[in-house]
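J.: please work out how this folds:
(chains A and B)
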Number of protein chains: 2
Amino acid sequence: MEKILTENNSPPIDGWVHVVQLSPPCLGDNMADTDRLMTRLQEKLNTQSIHIHLSLISTLPEILRKSNFYVACVVFGCLNEYHLIDVQPANDFIPVYGLAIDLGTTRVVLRLLDMVQHKIVTETTVENPQSSIAPDVLARIHYTDQTDGLKHLQGLIIDGITKEIQKICQSCSISPNRITCMSIAGNTCMTHLFLGLPPHTIIREPYIPVVNKQLIVSANDLKIPIHPNARIFVFPNIGSYFGGDLIAGILSLDMIHNENIAIMVDVGTNAEVVLGNKDWMLACAGAAGPALEGGVSKIGMTAGPGAIERISLAPESEEFIFQTIGNKKPIGICGSGIIDLAAVLFQSGKLDIRGKLVPEKCNDRLNNHDGLMHYTVVSKDQSATGENLTISQADIDSLIRSKAAMYTILTTITQSVGMALADLSTFYVAGTFGAYIDPSAAITIGMIPDLPLDRYRSVGNTSLEGASRILLSRNDIESIPIIHKHITYMELNVNQEFMNRFSAAKFLPHTDRGLFPSVMC
Amino acid sequence: MEKILTENNSPPIDGWVHVVQLSPPCLGDNMADTDRLMTRLQEKLNTQSIHIHLSLISTLPEILRKSNFYVACVVFGCLNEYHLIDVQPANDFIPVYGLAIDLGTTRVVLRLLDMVQHKIVTETTVENPQSSIAPDVLARIHYTDQTDGLKHLQGLIIDGITKEIQKICQSCSISPNRITCMSIAGNTCMTHLFLGLPPHTIIREPYIPVVNKQLIVSANDLKIPIHPNARIFVFPNIGSYFGGDLIAGILSLDMIHNENIAIMVDVGTNAEVVLGNKDWMLACAGAAGPALEGGVSKIGMTAGPGAIERISLAPESEEFIFQTIGNKKPIGICGSGIIDLAAVLFQSGKLDIRGKLVPEKCNDRLNNHDGLMHYTVVSKDQSATGENLTISQADIDSLIRSKAAMYTILTTITQSVGMALADLSTFYVAGTFGAYIDPSAAITIGMIPDLPLDRYRSVGNTSLEGASRILLSRNDIESIPIIHKHITYMELNVNQEFMNRFSAAKFLPHTDRGLFPSVMC
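T.: Model (predicted):
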């Protein structure tokens, strides 16, 4: 590891580590140590607002003199709140790290970055430990109504992160106190729980978060044992249902620098949508239902080994070809698989345009259980469970509602600015879901618009990506409040017009077939 | 105590307590709680830089709703570092207080102020507990070279202040956590010791403090148990020998708003001098020696009961008239008494213009002890000690060096800007010393210039006064960095010219009698 930093051959100028050679004091230049350093840093970073903690001030006389006033300074912050976190002799520099966290309801992804070399050191994914209390946002919020419920939930995630930090640091042979900054991008509720902020107003009309604006909090205050002066950048929320993970995503896609109008969609139980370019940006969120997260009864599952993630029709036959995660025998079907399934059922005539199973086409694969029609997707001799994997008409209805909601939200947001879906230059599909979805299948069932496939871009974990970028770049962190201001949040009023659109979108692919010219059945 | 604050009938607009009525959130106005409050406060205070601690954010949803969004906010800070410290329902307001501290080497004065009613609640003076380690600045700095010496000295002053806070709060029946802000004005060394900053570079060439600029530190970080979010404003220093107490003094005298050119002098072992007006300001400091702090051998004492503080000549006789502190029998003589003594000895011909005792005038009051001439100021039958109180020729020589140093510093600073001392519109004499000195006596011995007496103003504890003002007024606190920038520090080079002036000033009142026309002998 490079231990010598020089002022000219040094970390990126846009980053957080800055090397400075100060002129040593003399009788004719008797500026105080701290003022000498801070004045220089303020000039270099072009900001008056750099704070320095007393404990760091007290170490400066020794560090400055033993380094001959040649030091590397680790800074972090945004707007009018920069912090000088660490000062080291530049000739004997111990590397410093940033930790980016994508704080998901289900999973937490941690990525360690080298702040000087600007590269990823390692990355790890763990289950959000709050899942042991409740799997979903709503149940966790209700849990905070219990005595010390909030404290407990906050403790779980803080402890969970702390443990992962210790593991990561051990595996990389670095001391946790070399982590000088962190970033956290999560949905509004997860962010509240992480900060220990009471979340109950989020889900009750008029749906008010405790805080939306970005925060820079002390790691010490949250009892996360990294560098004692470390600061944590908490991404801002737009509202109760549009969180910091999306803001991080918008950053990572550079949407506010783009001339062309793009849309970004992140689909889970809620669908979150951002539309716009450098001049304007509109965001909205709406309930998509559990179907797209593998939440259909029995057969549905979250993506994992044995989950069917891809289904296609064998050429010139009616046979389905399955692809499972890890090439295991199938035990269920995840979100992307459900969409593929609906598409192939529809294409092979087994689903009609109302989304109803067609008995004459399904033959013996269709059975009545407890008064509900079930279609056998995988027969018991091929499944890992030894039982038929079936999907019910109710499951399909649920999927259709989800896809109709998705399409309606997309239509509503684009029409609200007088655009047609066809005008979109790029259609980003974010999140885990986006990484696996087959756009042509989603188009087939009318979930997403019938655009040329090359306009669809699966962009993966944009939340983690955005959280990482601000740990390496001042320009990027300074973009966050700009993005935050740039976005207009549109309340999705479920009015008659919305309901009409929703009803029309409940057909496969749509009542207006002209909207889906590429879909042939 | 007023418990209801209203937005119109409320604390002074220039102060730190601000009442705001927020519009409650609704579906059409779903700004988050913290953003709603902070946006309003930022507008009201016209600054973007208000920080709020996570612990306060977490209490906002409840406070805002139970108060119907009608709250009193306690803010404190300066420049780009304001802190929201406390938020309370305005209809049920519990008073908040500020604590101003004049942190002297010898004594610490604490003043409690009501932040809403803008009045002094109480004031107390205690010995600086560091005196138990060493009486003077230099010895304390040397003590920090010992292991944990700095920690020990810091602990003493922090504990001392903490105990006084507890006493004050108990006597006023208030809770210490109602103290939301503090200010500390002390000399450079005392400020360093209070903050736990290593002071040893202050006294070694090139005389560099660890920090000169103002600091806003958390009371929590210093383990001072007042309001958990309380902030402490630490007055900036100009340099090693010109501290925050002087800056506070300059504030309290409004010197930077004055058209006329004034001078402020604070005399102790060092003489600190500021000269200037609204357009420019020059500061310097020089050693004045111990004589003016009662530091002459044997007879000298600091001001206290039994100290002779005033001496005059009885009309038409050669008798001295003494005035002692507390009207006790004399046990010694303090700084102001020494000056009076020298003046009356000179006026009665017992001292010649070289400052030497004149045997033929002193008669039997003059005695030789151990080869040194001593003048009996108070005979043993009149003293409290039962012994003669005498002053030696060496003591007088020491006083003469002090007064010569003082006059030389005053001459040097005024001449450096091409002024004559006679041009000064006002001559402020600050500090305890200033409160007791008789300007006409000081003029008689040529310590201060021969100005009309009405230009002299004894201004008392300007350090405490300045420290108090910033706890009540944003304008005043914002003046501090302006004053700090406004001052040019002049290094008193002890060159040949300075030494020539010093030699000339060692006569009584001066070799150039024309400078002291009012002094008649």
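J.: could you use CA atoms for every contact and neighbour count after this?
T.: Noted.
J.: got the residues of the stretch 51-200 of chain A near chain B?
T.: Counting by Cα under 8 Å from any Cα of the partner chain, the residues of the stretch 51-200 of chain A lying close to chain B are A:H53, A:L54, A:I57, A:S58, A:L60, A:P61, A:N80, A:E81, A:L195, A:G196, A:L197, A:P198.
J.: so which of those residues belong to strands?
T.: The strands, defined by DSSP state E, take in A:E81 from these.
J.: all strands of the stretch 151-300 of chain A, in order?
T.: Listed in chain order, the strands of the stretch 151-300 of chain A (DSSP state E, counting those that start in this stretch) span A:179-186, A:215-218, A:231-234, A:262-267, A:270-276, A:281-287.
J.: gap between the two ends of stretch A:455-468?
T.: Stretch A:455-468 has its terminal residues 26 Å apart, counting by Cα to Cα, to the nearest Å.
J.: now the residue of the stretch 301-450 of chain A at minimum distance from chain B: phi and psi?
T.: Nearest residue of the stretch 301-450 of chain A to chain B (Cα to the nearest Cα) works out as A:S416 at 17.4 Å. Per-residue torsions, A:S416: phi -60, psi -20 (degrees, to the nearest 10).
J.: that one: neighbour count?
T.: For A:S416, the count of nearby residues is 11 (other Cα atoms under 10 Å in any protein chain shown).
J.: spatially central residue in chain A, please.
T.: A:S463 (3.3 Å; Cα atoms, centre = their mean).
J.: any idea what whichever residue of the stretch 251-400 of chain A sits closest to chain B is bridged to?
T.: Using Cα to the nearest Cα, the closest approach of the stretch 251-400 of chain A to chain B is made by A:C284 at 13.9 Å. Beta-bridge pairing of A:C284 under DSSP bridges involves A:V273.
J.: tell me who's in contact with it.
T.: A:F242, A:E272, A:V273, A:V274, A:I413, A:Y489, A:M490, A:E491, A:L492 (Cα atoms under 8 Å, 6 or more residues apart in numbering or on different chains).
J.: so for it, what's the pLDDT?
T.: With respect to pLDDT, A:C284 has a value of 93.
J.: and the helices in the stretch 51-200 of chain A?
T.: All helices of the stretch 51-200 of chain A, identified by DSSP state H, counting those that start in this stretch, fall at A:54-57, A:60-66, A:137-143, A:149-172, A:188-195.
J.: check the stretch 351-500 of chain A too.
T.: Assigned by DSSP H, counting those that start in this stretch, the helices in the stretch 351-500 of chain A fall at A:359-362, A:393-416, A:431-436, A:439-444, A:462-470, A:474-486, A:496-505.
J.: summarise which helices and strands the last one is packed against.
T.: So that's helix A:496-505. Judged by 3 or more Cα pairs under 8 Å, 6 or more residues apart in numbering or on different chains; DSSP states H and E, helix A:496-505 is in contact with helix A:393-416.
J.: got the angle for the helix it packs on vs strand A:270-276?
T.: Relative orientation of helix A:393-416 and strand A:270-276, computed by axes from the mean of the first three to the mean of the last three Cα atoms, to 10 degrees: 20 degrees.
J.: centre of the chain to helix A:393-416, how far?
T.: Computed by Cα atoms, centre = their mean, to the nearest Å, the chain-centroid distance of helix A:393-416 equals 21 Å.
J.: average pLDDT across that helix?
T.: The model assigns helix A:393-416 a mean pLDDT of 93.
J.: run through who's touching that helix.
T.: If you take Cα under 8 Å, 6+ apart as the criterion, helix A:393-416 is touched by A:271, A:273, A:275, A:282-292, A:296-297, A:338, A:342, A:355-357, A:372-375, A:420-421, A:445-449, A:492, A:498, A:501-503, A:505-507.
J.: picking that back up, which one of the residues of the stretch 51-200 of chain A next to chain B is nearest B:N363?
T.: A:P61 (58.8 Å; Cα to Cα).
J.: and that closest one, how far from B:H142?
T.: Applying Cα to Cα to A:P61 and B:H142 gives a distance of 16 Å.
J.: ok, those two, which is more surrounded?
T.: Taking neighbours as other Cα under 10 Å, A:P61 and B:H142 compare with A:P61 leading, 22 against 15.
J.: just the pLDDT for the more buried one.
T.: Note on A:P61: pLDDT of 98.
J.: now the one 3 residues further on
T.: A:L64 carries a pLDDT value of 98.
J.: okay, the strands of the stretch 151-300 of chain A, which one's buried deepest?
T.: Most buried of those, by mean neighbour count (mean count of other Cα atoms under 10 Å in any protein chain shown): strand A:179-186, with a mean of 28.
J.: where does the stretch 151-300 of chain A have low pLDDT?
T.: The model of the stretch 151-300 of chain A has pLDDT under 70 over residues A:293-295.
J.: give me the distance between the two termini of stretch A:114-123.
T.: Using Cα to Cα, the end-to-end distance of stretch A:114-123 comes out at 12 Å.
J.: return the set of buried residues in that stretch.
T.: For stretch A:114-123, a neighbour-count test (16 or more other Cα atoms under 10 Å in any protein chain shown) marks A:D114, A:M115, A:V116, A:Q117, A:H118 as buried.
J.: adding distance to A:L99, write the helices of the stretch 51-200 of chain A out as TSV.
T.: Converted to TSV, these look like this (distance: least, Cα to Cα, whole Å):
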stretch	distance to A:L99
helix A:54-57	22
helix A:60-66	26
helix A:137-143	24
helix A:149-172	9
helix A:188-195	15
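J.: closest residue of the stretch 351-500 of chain A to chain B?
T.: Nearest residue of the stretch 351-500 of chain A to chain B: A:E491, at 8.8 Å (Cα to the nearest Cα).
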